[in-house]
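> Quick one: sequence and predicted model below, then my questions.
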Amino acid sequence: MKTLSRRKERNSWKSSIMLSYLFICFVMLFSCSKDDAGPSQTDLLIGKWNLEEINGVNLNSSLQVEVTFEANGDYEEEINENGELERFTGEWEWNNDQDEIAIDYDQNISDWELDVEMLTADELELDDGNNTLLFSKD
């Protein structure tokens, strides 16, 4: 009778350990969050960008173009050519698919629609239908 009792006790102990182990595995499996999807398109876009190339050709040193996309939708563009600075402001917004940016200038110039060809944390490539513009993050 003692042997049977000890056997039940061992089996009960093993069952308890096995159930505890399964419970821990279950908790770990369902408590792990999904992988972070990373920054959004808007998060990547926000900030200052320097124009590096137009149609695959590096800008010459006498021309500097910096554009800034603000989180609140404000847009700023500074063009410095041979020491002469021009500044344009306006508002930007995504299209529904976030693959095109529309810029509505405050000045009396035509609005600009740009296809987003590439957007990473440090590179932005835009196409306005005539030119491909490659920017690097400031």
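Cool, the structure landed. Residues are numbered from 1 along each chain as shown.

> which residues are in contact with the longest strand along the chain?
Criterion DSSP state E: the longest strand present in the chain is strand 84-94. With contact meaning Cβ atoms under 8 Å, 6 or more residues apart in numbering, strand 84-94 is reached by 41-42, 69, 73-80, 100-107, 109. Yep, even glycine has a C-beta here, placed from its N, CA and C like the rest.

> Buried among the residues you listed? Make that a ChimeraX selection.
To isolate the buried members of the contacts of strand 84-94 in ChimeraX, using 16 or more other Cβ atoms under 10 Å:
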select :69,75,76,77,101,103
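
> What mean pLDDT does the helix or strand containing Lys48 get?
Per DSSP states H and E, Lys48 falls inside strand 47-54. The average pLDDT within strand 47-54 is 98.

> Repeat that for stretch 113-129.
Rounded mean pLDDT across stretch 113-129 is 97.

> can you map out the strands along this structure?
Along the chain, counting by DSSP E, strands occupy 47-54, 57-58, 63-69, 74-81, 84-94, 100-105, 112-119, 123-127, 132-137.

> If anything else comes up later, I'll come back, but that's it for now.
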